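Asks: here is my input, please return the structure:
(one chain, ligands or ions: 1)
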Amino acid sequence: MATAPYQELGADLHGELILPEDPGYDQARAVYNAMIDKRPAAIARCRDAVDVVTCVRFGRAHDLELAVRGGGHNAGGLGVWDDALVIDLSRMCDTTVEPDEQTVRVGGGCVWGDVDHATLEFGMATPSGFVSTTGVGGLTLGGGIGNLSRRFGLSVDNLLSADVVLADGSFVTADATSHEDLFWALRGGGGNFGVVTSFLFRCHEIGEHGTIIGGPVLYALEDTPDVMRWYRELLPSLPETLSGWIGLTTVAPAPPFPESLWGRKVCLIMWCYTGPHDQADEVLEPVRSYGSPLLTGLHPMPFDVLQSAFDALLPAGLQWYWKADFFEEISDAAIDVHLKYGELLPTSLSTMHLYPIDGAVSRVPSDATAFAYRNGGWAGVIVGIDPDPANAPAITQWARAYWNELHSTSAGGAYVNFLMSGEGQDRIRAAYLGNYDRLARVKARYDPENVFHINQNIRPASLVS
Ligand code: FAD
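Replies: Here you go, the predicted model:
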């Protein structure tokens with residue numbers, strides 16, 4: 001473990017430096033996934049871009065490992081690392097909306113709830129994910145798949161510029177006309193290229209002044225094969241104002257679910273309609289008229305209510321284990337596997353989700369940004385979740401067994417933000433299809449010594465053997 005004069009760093013920071021002997025250390029090093037337990041050498045709660053520059057230069061001067069923490073949601077816990085200096089951006093969470101420009105500037109440590117709070121005041125949103133507590137930094141830099149993707153693209157498709165502290169401690173702004181290669185790589189290449197201190201996103205008007213129509217429709221688990229076949233045919237025919245992801249889950253034992261459904265394993269579709277409300281009945285008619293749902297919970301609601309629907313169910317501090325892949329189709333063979341492992345859901349929070357990556361996402365060419373899987377289809381994720389560490393082996397084994405049987409039906413690679421740490425270089429390469437070699441060349445230009453390697457690491461081209 002490298003040692004360093006951390007008192008000097010602390011004195012130079014506008015923000016706070018937390019060391020292992022400090023009372024807030026355990027709280028500061030904790031990440032969302034409680035399966036991860038890392039003990040960094042120091043945590044710098046940066047207040048501004050200058051603090052980030054100071055940390056990068058200090059880290060380089062003292063040969064320290066550098067970890068970068070945005071929202072702390074990464075499944076593999078890549079925002080903190082043993083013996084590293086953690087550049088913690090969580091205090092950099094300002095947002096500024098320009099309503100006339102339809103943009104929002106977002107601090108590098110914001111979570112999506114911060115952004116929705118700011119933009120919805122103006123009836124707008126920018127594409128994010130499905131959960132409000134996820135960090136903007138990690139989610140965006142990996143791509144950003146969410147409820148608005150079908151209509152408006154990924155988060156990266158709406159990124160207009162990024163302020164970045166590079167590995168040499170310099171500060172640049174990357175956009176379509178400046179540092180174009182860096183801007184290309186940031187749009188999917190993760191935290192490999194520098195620390196993004198600020199993002200500028202394009203916003204869109206949604207629903208009726210930010211009120212959308214959405215919520216869950218639940219079907220009996222045994223109906224999964226029929227529901228999945230219907231859904232895979234229906235989705236491409238729907239207008240892009242309507243999106244819906246499909247999953248397998250257990251009904252939470254709490255309102256708004258009726259007690260008769262509590263604890264029941266179900267097939268779920270979460271719908272989100274963002275178009276004009278006077279067209280909603282027509283657009284939602286095929287959804288409302290299909291099959292024999294156990295519950296149809298489609299209602300008008302502010303967009304941020306839908307985005308935070310899972311927050312209470314999924315607080316920080318649970319055990320998580322993920323396995324993921326992209327799927328160009330939901331094949332009959334895959335449906336058999338889904339039903340088998342849906343029946344075996346190991347805990348009440350464990351789940352499987354398939355998120356659409358079609359519509360506006362597919363209209364962007366695969367090589368236009370680092371995010372490559374744009375042929376239509378779904379980003380799938382199998383997630384074992386439970387509060388009790390004693391259940392960690394069970395949720396891990398279930399997710400692995402499920403993935404092992406499903407993988408042959410996939411498109412080959414996974415969404416980089418759904419990888420655990422340590423899945424290996426082949427899985428990282430597979431996440432980028434033909435874009436990996438260009439990413440390695442951009443990495444060689446902006447971070448030739450691989451300073452930023454606590455991430456799904458893209459090795460600089462010069463280091464690739
Ligand atoms: P962190 O753990 O803080 O960071 C993750 C990685 O990104 C690290 O390598 C870190 O160094 C890097 N990083 C973070 N911020 C910056 C920055 N500003 N500059 C440079 N590098 C940075 N993904 C989706 O696309 N859509 C979803 O709907 C979605 N839902 C999720 C729901 C939950 C409950 C969870 C746990 C995850 C979800 N994800 C989703 C996955 C999510 O995108 C990744 O976990 C992502 O890494 C989280 O980003 P973070 O900033 O919170 O994580």
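Asks: give the contact list for residue 403.
Replies: Each residue near residue 403 by Cβ atoms under 8 Å, 6 or more residues apart in numbering is listed here: 323-325, 382. From N, CA and C alone the C-beta is placed, and that goes for glycine too.
Asks: looking at those, which is nearest residue 52?
Replies: Proximity of the contacts of residue 403 to residue 52, judged by Cβ to Cβ, is greatest for residue 324, which lies at 29.8 Å.
Asks: still on that earlier bit, between the contacts of residue 403, which sits nearest the ligand?
Replies: Within the contacts of residue 403, distances to the ligand taken as Cβ to the nearest ligand atom reach their minimum at residue 324, with 9.6 Å.
Asks: element containing residue 226?
Replies: With elements delineated by DSSP states H and E, residue 226 resides in helix 224-234, which encompasses its position.
Asks: how far out from the middle of the chain is that helix?
Replies: Averaging C-alpha coordinates over helix 224-234 and over its chain gives two centres that are 25 Å apart (Cα atoms, centre = their mean, to the nearest Å).
Asks: chain neighbours aside, what residue packs nearest to the residue of the stretch 151-300 of the chain found nearest the ligand?
Replies: Using Cβ to the nearest ligand atom, the single residue of the stretch 151-300 of the chain nearest to the ligand is residue 191, 2.9 Å away. The shortest distance from residue 191 to any residue other than its chain neighbours is 4.2 Å, reached at residue 455 (Cβ to Cβ, 6 or more residues apart in numbering).
Asks: that neighbour: neighbour count?
Replies: 23 (other Cβ atoms under 10 Å).
Asks: model confidence for it, exactly?
Replies: Per-residue confidence at residue 455 stands at 97 (pLDDT).
Asks: quick check: it vs residue 173, distance?
Replies: Using Cβ to Cβ, to the nearest Å, residue 455 is found at 21 Å from residue 173.
Asks: and residue 241, by the same measure?
Replies: Applying Cβ to Cβ, the value for residue 241 to residue 173 is 33 Å.
Asks: how about residue 114?
Replies: Residue 114 sits 21 Å away from residue 173, going by Cβ to Cβ.
Asks: between these two, who's got more neighbours?
Replies: In this view residue 114 and residue 173 are compared by other Cβ under 10 Å, and residue 114 has more residues nearby, 20 against 14.
Asks: which other helices and strands contact whatever helix or strand the more buried one lives in?
Replies: When secondary structure is defined using DSSP H and E, the element that contains residue 114 is helix 112-120. Applying 3 or more Cβ pairs under 8 Å, 6 or more residues apart in numbering; DSSP states H and E, we find helix 112-120 packed against strand 95-98, strand 103-107, strand 124-125, helix 136-142, helix 303-307.
Asks: the first one near the ligand at all?
Replies: Okay, so that is strand 95-98. No. Shown here: strand 95-98 not in contact with the ligand (Cβ under 6 Å from any ligand atom), separated by at least 14.0 Å.
Asks: quick one: mean pLDDT over that strand.
Replies: Per-residue confidence for strand 95-98 averages out to 98 on the pLDDT scale.
Asks: enumerate the positions of the helix or strand harbouring residue 334 that are buried.
Replies: Assigning secondary structure by DSSP H and E places residue 334 in helix 332-343. Burial within helix 332-343, assessed by neighbour count using 16 or more other Cβ atoms under 10 Å, is assigned to 334-335, 337-339, 341-342.
Asks: and the nearest residue to residue 264 once chain neighbours are set aside, what does it touch?
Replies: The shortest distance from residue 264 to any residue that is not its chain neighbour, by Cβ to Cβ, 6+ apart, is 5.0 Å, and that residue is residue 251. With contact set as Cβ under 8 Å, 6+ apart, residue 251 has these partners: 218, 257, 261-266.
Asks: cutoff 7 Å now
Replies: Counting by Cβ atoms under 7 Å, 6 or more residues apart in numbering, residue 251 makes contact with 218, 257, 261-264, 266.
Asks: if any of those are buried, put those into a ChimeraX selection.
Replies: Selection of the buried residues among those in ChimeraX, burial being defined by 16+ other Cβ under 10 Å:
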select :218,257,266
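Asks: report pLDDT for the spatially most central residue of the chain.
Replies: Taking Cα atoms, centre = their mean, the centroid of the chain lies closest to residue 139, which sits 3.8 Å from it. With respect to pLDDT, residue 139 has a value of 98.
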